[in-house]
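Enquirer: I would like the atomic coordinates for the input below:
(one chain, ligands or ions: 1)
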Amino acid sequence: MTALGFGIASAQAAPPKLAGGGGKKVIVLGAGVAGMTAAYELSKAGYEVTVLEARSFAGGRCQTARKGFKLTELGGETQECDFDEGLYINHGPWRIPYHHQSTLHYTKEFNVPVEIFVNDNDHSYVMFQHGKGPLAGKPLRKGEVAADMRGGAAEILAKSVKQGALDAQMSAEDREQLIAYLVGEGYLTNDLAYKGTEGRGFAIPPGPGVDPGPGKPSTPYAFADVLHSNAWRVLTSVSNYDQQRTMFQPVGGMDRIAKGFEGAVGHLIRYSHQVKSFKQNAKGVEVAFTDGDGKPGTIAADYCICTIPLSVLRQIDIQVSKPFKEAMANVAYAPVGKIGLQMKRRFWEEDHHIYGGHVYFDDPEVLSLSFPSTGWQSKKGVILGYYQFGGQAAKVSALSPAERQALAGRAGDKVFDGYSASIENSFSVAWHRVEHNLGGWAQWSDEERAKSYPVLCEPDGRLYLAGEHMSYIGGWQAGGIESAWQQIAKLHARVHAA
Ligand SMILES: Cc1cc2nc3c(=O)[nH]c(=O)nc-3n(C[C@H](O)[C@H](O)[C@H](O)COP(=O)(O)OP(=O)(O)OC[C@H]3O[C@@H](n4cnc5c(N)ncnc54)[C@H](O)[C@@H]3O)c2cc1C
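Expert: Numbers count the residues shown, from 1 in each chain. Here you go, the predicted structure:
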């Protein structure tokens, strides 16, 4: 396709360059970021595109809950978000890594301003209860744990090297270099001891005059106590590929991305149109749906791009080959839960001087709570009260919204005095109980990734699948966007080859 000039080689950073669609008709199923990407690029290239979307709004998982946003989970009560004006929670996608150039391509294209999302904060806490020793079960500043763990480890290694423990493995020159590195990394003194560092904070911070003057340095924890606390488990040498210390978020809420797309392709979308079946033959495709009034209808086209999550699609009557149908059945979807808590006041900033980032728990019911990366120093804010996955998310999703709020409140009370008393209202979601999604994202096992995934990456007749589930960037908007880029490039090449 690159040879044909369709430019798929650069697909990760920019859409394929398509032209000459010649009015061929394409039905796109689903108006999430994948569906809207396909609709946008194909319509620009001269295709006649119609998008069928079951919801009354576009964006799919790319949602933001703010005042008036309603959600009824399957078998659950209806929640209406009651946050104050200007406050919101991104209860689906919430952060964008720098290397998701595809997502950032569209924020730029649609003039969606982005700001920094603080994804790591040394001044925030680690709350691990299942360790041992005097530090277990106490909120510890992450930076203190990091300084003392790295300092303690550097001291032991540096002294061992000095005492000849690695003489057989390393040359004298390399040993010297290693020690120099450890002195810098661990803030070691000339005698290779770790005695704390200003970076972990002061007991009395420096100030004016002679008192407090230079302040008083903090005292490091005993290395054995930090080891036993387990809190070091949150540390890594470098941040994960997907999780940099600072990331991006759209100003005003993640759904600004959906709105950006909608501004460009909204006129192509038929809202509240739920796909009921899909048929195809050698000449074209036909999709049956019910509209917002429950009235049935059909629409025909030359090709179909389907971005409906497989968790939903496999319950729809679609005419595809047996291997394709079998492959669709073989992927699990992740139970995922989030809750937004509107807080009376920004006590984490005012009392604890924490600006963004997360508190980490070893309690799987909570895992983390996260502070907003917006509205700094304003009166109120919305905290992400938990972010759970798997069995724990399934368990918590059985609770009512009020019970979920109480659970999140109890977790926060372990770290902050008056946390639950500060909660004014909440909005929670269990994505595996959300109609039209039935899960947070696809979770391919290694076996099914090798066996079923490649089958679904190829078209079945005139049907092309796209969406985050059709990528190795699962659980990210970039996966949806880039899979759409890949599939429309394939479709376009076929149209031109015909
Ligand atoms: C809790 C959570 C956190 C996340 N965090 C991040 C993050 O920080 N950053 C990031 O980039 N991504 C994140 N993601 C992932 C991101 O939200 C998804 O990968 C992306 O939005 C998926 O887009 P999509 O178009 O593939 O699917 P969807 O957005 O699910 O779109 C599919 C569309 O199909 C529609 N549909 C379903 N059934 C029918 C039917 N029968 N008829 C018609 N239409 C139908 C749906 O309504 C929906 O609009 C997160 C997701 C979750 C759930």
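Enquirer: every contact and neighbour count from this point should use C-alpha atoms.
Expert: OK.
Enquirer: which residues does the nearest residue to residue 78 once chain neighbours are set aside contact?
Expert: Sequence neighbours aside, residue 72 is the residue nearest to residue 78 in space, at 4.3 Å (criterion: Cα to Cα, 6 or more residues apart in numbering). By Cα atoms under 8 Å, 6 or more residues apart in numbering, the contact set of residue 72 is 78-79, 434.
Enquirer: same list (those) but as CSV, adding pLDDT and secondary structure.
Expert: Written out in CSV, the entries for these read as follows (pLDDT from 0 to 100; DSSP: H, G, I helix; E, B strand; the rest coil):
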residue, pLDDT, secondary structure
78, 96, strand
79, 98, strand
434, 98, coil
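Enquirer: which single one of the residues you listed is nearest to the ligand?
Expert: Using Cα to the nearest ligand atom, residue 434 is the member of the contacts of residue 72 that sits closest to the ligand, with 9.6 Å.
Enquirer: what's the separation between the closest one and residue 426?
Expert: Spatial separation of residue 434 from residue 426 under the definition Cα to Cα, to the nearest Å is 17 Å.
Enquirer: so for those two, which sits in the more crowded spot?
Expert: Neighbour totals were compared for residue 434 and residue 426, and residue 426 leads with 26 against 18 (other Cα atoms under 10 Å).
Enquirer: which one is the more buried one nearest to, not counting chain neighbours?
Expert: In space, not counting the residues next to it along the chain, residue 426 is nearest to residue 341; the distance is 4.5 Å by Cα to Cα, 6+ apart.
Enquirer: also residue 228?
Expert: Leaving out its chain neighbours, the residue that sits closest to residue 228 by Cα to Cα, 6+ apart is residue 132, at 5.1 Å.
Enquirer: that neighbour contacts residue 226, correct?
Expert: No - using Cα atoms under 8 Å as the test, residue 132 is too far from residue 226 to be in contact (9.4 Å).
Enquirer: tell me the residues of the stretch 201-350 of the chain that contact the ligand?
Expert: Those residues of the stretch 201-350 of the chain that sit near the ligand, judged by Cα under 6 Å from any ligand atom, are 273-275, 307-309, 312, 336.
Enquirer: which residues sit against stretch 89-105?
Expert: With Cα under 8 Å, 6+ apart, stretch 89-105 has contacts from 12-15, 61-66, 117, 242-244, 247-249, 253-254, 338-340, 382-384, 428-429, 476-478, 481-482.
Enquirer: which ones among those map onto strands?
Expert: Of the positions in these, 117, 247-249, 338-340, 382-384, 428-429 sit in strands, assigned by DSSP state E.
Enquirer: and the residues you listed, which are buried?
Expert: When burial is judged by neighbour count using 16 or more other Cα atoms under 10 Å, the buried members of these are 117, 247-249, 338-340, 382-384, 428-429.
Enquirer: which single one of the residues you listed is nearest to the ligand?
Expert: Lowest distance from the ligand to those (Cα to the nearest ligand atom) belongs to residue 338, with 6.5 Å.
Enquirer: my guess is the closest one contacts residue 385, does it?
Expert: Yes - Residue 338 is in contact with residue 385 according to Cα under 8 Å; the separation is 7.2 Å.
Enquirer: could you show which parts of the stretch 351-498 of the chain are in contact with the ligand?
Expert: The interface of the stretch 351-498 of the chain toward the ligand, taken as Cα under 6 Å from any ligand atom, is made up of 436-437, 440, 467-468, 475-478, 480.
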